[in-house]
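please work out how this folds:
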Amino acid sequence: MRATFKSLPEDPTELRAVSELMAAEIKAQAYQIEKLKKELAGHRKARFGSKSEAMDQLAFDLQEDTEIAAASEAQKTAPETDADQEAPAKRTHNRAPLPDHLERQEEILSPGDSCGDCGGALKQLGEDVTEELEYVPGHFVVKRIVRPRMACTCCEAFAQAELPSRPITRGRPGPGLLAHVLVGKYCDHLPLYRQSEIYARDKVDLHRSTLTDWVGRSTALLEPLAAHIGKLVRAGPALFADDTPVKMQAKGKAQTARLWSYVRDERPWCGQAPPCVWYQFSVDRKGEHPSSHLKGYKGVIHADGAIVKSGVWGLSCGGLIWG
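Residues are numbered from 1 along each chain as shown. Presented below is the predicted three-dimensional model:
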């Protein structure tokens, strides 16, 4: 085909035929290019997400980068000072004092008890204290529960202490480790595979499937506590209700789910009940969900500034209503 286009005929009829052939070829190539563009866009969206989501993930703080670069240059060009040199200029930004609740580890640097010039005894006149904020990473420990098997010297009866209750029967994680994993996943939004990689730096092999099993069993252990909180919330004469949209990954794409929150707080009118919050999750915003959550509740509900007393749940553009 390309050889045909290289040498054009001189005859008008043949030239017209070659032109029609060239137009058909250009049209076919344009169609093929558009098809490949669509396929490439589909593959990119499936792998990296939509363009808006990618832009949200790449929203860098340029001002922060500029300040970091300026601080780096200041550190490189700052001269080393000693007692004979003038004090450096005061920094422009303010530094809050270090919190009092933090543990203080004191290190004393003494010049000695005798003078370096004449050998006389030194007497303390005062001291200079410099506080430095440091971080000691958390570390794993192995808790060994030793239960000696005892035998009576008279009747030869055996005795042994009972094994204390553990969160997961025949499991290795302690309650502190389980709490750390749950807080990392649900409060710090740290996926389990990333937590597995973090623990691997301490040479602790915790596979993602193991962490998944722990999280699932922990949620089962916490269900009675969540149910009890829901019971306390619905026992009050009034509660506050609201829903929050959350992104949920489903079948390769993100959809908007709902997190329903019900709050009992009687402190504004000097109530004696402690404040508590009950959360429920749903994949959509249908009114049947809060209706099911508050089935049988008798009391006043505050929803987005509206006060509702009785009826069935409905939805409005402003939030939850009772009507």
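
which element is G119 on?
Following DSSP states H and E, one finds G119 outside all helices and strands.

separation between it and L109?
Distance of G119 to L109, given as C-beta to C-beta, to the nearest Å: 21 Å. Placement of C-beta: from N, CA and C, glycine included.

cool, E134 as well?
To L109, E134 is 16 Å away according to C-beta to C-beta.

could you list the low-confidence segments of the protein?
1-6, 49-68, 71-72, 75-76, 78-95, 305-323 (pLDDT under 70).

show me where it has helices.
Along the chain, the segments classed as helices by DSSP state H run 2-6, 12-48, 51-57, 62-77, 175-186, 192-200, 208-234, 288-293.

can you get me a residue count around L178?
As a burial measure, L178 scores 19 neighbours (other C-beta atoms under 10 Å).

next one: the one 5 residues further on
Other residues within reach of V183, judged by other C-beta under 10 Å, total 11.

the closest residue to A254 other than its chain neighbours bridge partners, please.
Leaving aside its sequence neighbours, A254 sits nearest to K247 (C-beta to C-beta, 6 or more residues apart in numbering; 4.9 Å). Beta-bridge partners recorded for K247 (DSSP bridges): T256.

show me what contacts the residue nearest to the spatial centre of the chain?
In the chain, the residue lying closest to the centroid (C-alpha atoms, centre = their mean) is H189, at 1.9 Å. Shown in contact with H189 (C-beta atoms under 8 Å, 6 or more residues apart in numbering): no residues.

what's the spacing between it and K247?
Remark: distance between H189 and K247 (C-beta to C-beta) = 11 Å.

so which of the helices of the chain is nearest R147?
Nearest to R147 among the helices of the chain is helix 175-186 (19.0 Å), distances taken as C-beta to C-beta.

got the buried residues for stretch 273-292?
By neighbour count on 16 or more other C-beta atoms under 10 Å, the buried set for stretch 273-292 is C276, W278, Q280, S282, H289, P290.

over to stretch 211-219?
Judged by neighbour count (16+ other C-beta under 10 Å), stretch 211-219 contains these buried residues: L211, W214, V215, R217, S218.

contacts only, for the second one.
Taking C-beta under 8 Å, 6+ apart, we find W214 in contact with I168, G171, P173, L178, V181.

just give me the neighbour total for L190.
Here the count is done by other C-beta under 10 Å, and L190 has 14 residues near it.

also P167?
P167: 15 surrounding residues under other C-beta under 10 Å.

so who does it touch?
Applying C-beta under 8 Å, 6+ apart, we find P167 in contact with P173, G174, P175, L178, R217, S218, L221.

how about the second one, nearest residue that isn't a chain neighbour?
Excluding the flanking residues, the one nearest G174 by C-beta to C-beta, 6+ apart is K143, at 6.1 Å.

look up how far P173 lies from that neighbour.
To P173, K143 is 11 Å away according to C-beta to C-beta.

which of these two has more neighbours?
The residue with more neighbours, out of K143 and P173, is P173; 20 against 8, by other C-beta under 10 Å.

check contacts around the more buried one.
P167, V181, W214.

find residues that contact each of H189 and K247.
Common contact partners of H189 and K247 (C-beta under 8 Å, 6+ apart): none.

quote the end-to-end distance of stretch 285-303.
Across stretch 285-303, the terminal residues are separated by 15 Å (C-alpha to C-alpha, to the nearest Å).

err, stretch 285-296, not the other one
End-to-end distance for stretch 285-296: 20 Å, by C-alpha to C-alpha.

quick one: distance of it to the chain centre.
29 Å (C-alpha atoms, centre = their mean, to the nearest Å).

report the residue ranges of every domain in this structure.
When the chain is parsed with automatic domain parsing, its domains come out as 172-225, 235-322.

quick one: the longest one to chain centroid distance?
The one in question is domain 235-322. Averaged C-alpha coordinates place domain 235-322 at 24 Å from its chain's average position (C-alpha atoms, centre = their mean).
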